[in-house]
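Peer 1: Sequence unavailable; structure follows:
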């Protein structure tokens, strides 16, 4: 089974790109995040015509998660992460596909630190710890996939000293992620990579562009003792200097740039970080 996570960043605005990617890469299951649309406007018919059934949990203008599956409709088991009945953010959806519990998550960013958003992120992490323990106790195969919004170690970011007060790199957040790993979430990483060797393509921040460096903040879960559950596939390796494909192209509109980048995302796999991740089991 090939499982992918994809930050679609507005599903209706980038539907053509998503449908083309589904056709080209043919994943069995996809965890979509940042739908940025409410339930009523989710493009169910278009996705079904592409050969995928889907369950979704939308939210207008922000958040939103969905799980499409090739040739079948996932069995919805949960909308929203348990532990806070007042949490209205659409950040977690869960469904069963071929006997596997798939949890699609979009963990809060948490910036700025300190503040209410950071406190919310830590509470969300604690709820994930508690629910993860429940799943482990049930003994059912489960895969949490999506955006954990964390830089677990210094190897995941270029110049760590610049990120000390960023919510993705704060010690409290890194400790919370380490707790997930201790529970059984196994994140695989390259063992011989130099710092900064594996970086984002589609989520390059202004500071990263200015310094011609980047950060890897999308950890990838893996089966304990087994093959990676999510390995980056879909992006050419990025060296310390930005390649020509990453520089702004003034003669192309934003959509053309996004399309050209999405085409590059299917070239060859890496072992860490990214906007679209693919796993096979």
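Peer 2: Structure's in. What do you need? Because the structure is a prediction, the values reported are computed rather than measured. Numbering: from 1, shown residues only.
Peer 1: I figured residue 53 was touching residue 73, is that so?
Peer 2: Yes: taking contacts as Cβ atoms under 8 Å, residue 53 lies within contact range of residue 73: 3.1 Å. For the C-beta atoms, the positions are set from N, CA and C on the backbone; glycine is no exception.
Peer 1: Look at residue 183 and report its pLDDT.
Peer 2: Confidence at residue 183, expressed as pLDDT, is 88.
Peer 1: which residue sits closest to it, ignoring its sequence neighbours?
Peer 2: residue 132 (5.3 Å; Cβ to Cβ, 6 or more residues apart in numbering).
Peer 1: so what's that neighbour up against?
Peer 2: Residues near residue 132 by Cβ atoms under 8 Å, 6 or more residues apart in numbering: 144, 180, 183-185.
Peer 1: Please, which helix or strand holds it?
Peer 2: Per DSSP states H and E: residue 132 is located in helix 116-138.
Peer 1: Over to residue 37?
Peer 2: Counting by DSSP H and E, no helix or strand carries residue 37.
Peer 1: Please report how far it lies from residue 147.
Peer 2: Distance, residue 37 to residue 147, using Cβ to Cβ, to the nearest Å: 17 Å.
Peer 1: Same question for residue 180.
Peer 2: The spacing between residue 180 and residue 147, counted by Cβ to Cβ, is 14 Å.
Peer 1: for residue 81, same thing?
Peer 2: Noted for residue 81: a distance of 14 Å to residue 147, by Cβ to Cβ.
Peer 1: And for residue 6?
Peer 2: According to Cβ to Cβ, residue 6 and residue 147 sit 10 Å apart.
Peer 1: which neighbours do the two share?
Peer 2: Counting by Cβ under 8 Å, 6+ apart, the shared contacts of residue 6 and residue 147 are residue 33.
Peer 1: Looking at those two, which is more packed in?
Peer 2: Here residue 6 and residue 147 are compared on neighbour count by other Cβ atoms under 10 Å; more neighbours surround residue 6, at 29 against 24.
Peer 1: helix/strand/coil for the more buried one?
Peer 2: With DSSP: H, G, I helix; E, B strand; the rest coil as the basis, residue 6 sits in strand.
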